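**Q** when you get a sec, could you give me coordinates for this:
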Amino acid sequence: MKQIAAFTLALGLTVTPVLAEDGEVQEGFNLMEEGARMLMRGLMSEMEPAISELRGSLEDMAPVIGEFAREMGPAFTELLSQVDDFRHYQAPEFLPNGDIIIRRDPDAPVWMPNSENGEIEL
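**A** Purely as a prediction, here's the structure:
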């Protein structure tokens, strides 16, 4: 349905003034333009309940997301200081005991983390 709407809208927007000289062609494009408008209005009216529900859900989740950001912000900053570039790491591996291992790619360039005393806390 979205593809039809997009095609109809694109077709309606590509009307050139040269083709508008012929009365029948102009009337045909006017009908197509009106059809595209009607289609878009119909799609928007069908989507309105879902959009309203999504807006309500996001408003309900905003305090929780804010609290998560306040609590996890410092931990995330610390994690970023220990990792050079996420592209140099493999996908996480979940072990049966619940541990998660994120291995560095073997072909990644050598990287030394910034630490004050040269030790890495595990």
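**Q** within the helices and strands, which one has residue 34?
**A** helix 23-82 (DSSP states H and E).
**Q** quick check: next helix or strand after that helix?
**A** The element immediately downstream of helix 23-82 (helix or strand, assigned by DSSP H and E) is strand 93-94.
**Q** direction included, what does the helix or strand just after that following strand pair up with?
**A** The first helix or strand that comes after strand 93-94 along the chain, using DSSP H and E, is strand 100-101. The strands beside strand 100-101 in its sheet (DSSP bridges) come out as strand 93-94 (antiparallel).
**Q** pLDDT below threshold where in the chain?
**A** 1-24, 113-122 (pLDDT under 70).
**Q** ok, back up a step: and the helix holding residue 34, what does it pack onto?
**A** On a contact count with 3 or more Cβ pairs under 8 Å, 6 or more residues apart in numbering; DSSP states H and E, helix 23-82 meets helix 2-13. No exception for glycine: its C-beta is placed from N, CA and C like everyone else's.
**Q** which ones are touching the residue nearest to residue 93 when sequence neighbours are not counted?
**A** Once flanking residues are discounted, residue 93 sits nearest to residue 101: 4.6 Å by Cβ to Cβ, 6 or more residues apart in numbering. Neighbouring residues of residue 101 by Cβ atoms under 8 Å, 6 or more residues apart in numbering: 92-93, 95.
**Q** kindly report the same for residue 85.
**A** Residue 85 neighbours (Cβ under 8 Å, 6+ apart): none.
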